[in-house]
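**Student:** quick check, what structure comes out for this input:
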Amino acid sequence: QPYLSLSATEPYRSTAESKPKHLQMLTDTLAVAVAAGHGAGKTHFTVFPEYSIPGTDGIAHLEATLNSPEWPVGTIVIGGTDGLSKEDLRQLAASPGTYLDQTHNGLDLIGADEWVNCEITWVKAQDGTLERWLQPKLHPAWEEMAISYESMFRGHSIYLFKGLLANDAPFRFATLVCFDWIATVESKKSCKWILEDVHQQANAHQLPLSWLFVIQRNPKPSHNTFMKEVETFFDQTQF
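**Tutor:** Numbers count the residues shown, from 1 in each chain. Here you go, the predicted model:
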């Protein structure tokens, strides 16, 4: 988890002084991923924490590498942007190869005075094409709620990705943003909504939820409330 320097007021963004350092952290992390020092053929998942991508400049900075021949195909990058304006999101959503759940997170649902804490999932396909999915955070953390004149837009959906491993076995994964891991949305924990959806898709069969990523910018990422939810997630018999 990088040590980020963000503005003291919303929408929380990299400061002018910290932005070059934050962009350099993106460069350094991508270099580690490409080097693949873990010994596998490539780094399949590269994950950046909440708020660690400095807005549209940071997105363009990342994509310059992801679109290059040096970045391997069949890979996934996950990361959180700092505070995006409604116009920022509009421009991103209008770009080719971009997906935004217009039904639940459409621009018409975002107020003029609201900003977006956004998780992005990039997938570089086998043919080299790069696509991205925009997922606004579902529930504000305490700092994001303690505001007086603006507010964070609350997202209303979670992307559930599916694919096949090299041996044709299925996999699924999803990503939550920090407080979304412990938040209750319409009387259910967010992760329970995901499990219910996988359960319905499985029908009479069994489908794996291989990975559930939780990206955080949190002074206490291992707080008891977060760790306790891990036990609840795994130790259940409903699904």
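
**Student:** buried sites along stretch 152-168?
**Tutor:** By 16 or more other C-beta atoms under 10 Å, the buried positions in stretch 152-168 come out as 152, 153, 154, 155, 158, 160, 161. For the C-beta atoms, the positions are set from N, CA and C on the backbone; glycine is no exception.

**Student:** err, stretch 187-205, not the other one
**Tutor:** Buried-residue list, stretch 187-205, by 16+ other C-beta under 10 Å: 189, 190, 191, 192, 193, 194, 195, 198.

**Student:** now stretch 31-48
**Tutor:** Here stretch 31-48 shows 33, 34, 43, 46, 47, 48 as buried, counting by 16+ other C-beta under 10 Å.

**Student:** among the residues you listed, which one sits closest to residue 69?
**Tutor:** Nearest to residue 69 out of the buried residues of stretch 31-48 is residue 34 (C-beta to C-beta; 11.2 Å).

**Student:** please report the distance of the closest one from residue 42.
**Tutor:** 8 Å (C-beta to C-beta, to the nearest Å).

**Student:** so what sits against both of those two?
**Tutor:** Here residue 34 and residue 42 have residue 72 as joint contacts, going by C-beta atoms under 8 Å, 6 or more residues apart in numbering.

**Student:** the buried residues of stretch 187-205 in helices, which ones?
**Tutor:** 190, 191, 192, 193, 194, 195, 198 (DSSP state H).

**Student:** tally of neighbours for the spatially closest residue to residue 216 that is not a sequence neighbour?
**Tutor:** Spatial nearest neighbour of residue 216, chain neighbours left out: residue 178 (4.4 Å); criterion: C-beta to C-beta, 6 or more residues apart in numbering. Applying other C-beta atoms under 10 Å, we find 26 residues neighbouring residue 178.

**Student:** pretty sure residue 178 sits against residue 215.
**Tutor:** Yes: contact criterion C-beta atoms under 8 Å: residue 178 and residue 215 qualify, at 6.8 Å.

**Student:** anything in contact with each of these two?
**Tutor:** Overlap of the contact sets of residue 178 and residue 215 (by C-beta under 8 Å, 6+ apart) consists of residue 50.

**Student:** give me the element residue 58 is part of.
**Tutor:** In this assignment (DSSP states H and E), residue 58 forms part of helix 55-66.

**Student:** please name every helix or strand in contact with the helix or strand following that helix.
**Tutor:** Next in sequence after helix 55-66, counting helices and strands by DSSP H and E, comes strand 75-80. Under the contact definition 3 or more C-beta pairs under 8 Å, 6 or more residues apart in numbering; DSSP states H and E, strand 75-80 sits against strand 45-47, helix 55-66, strand 118-124, strand 211-215.
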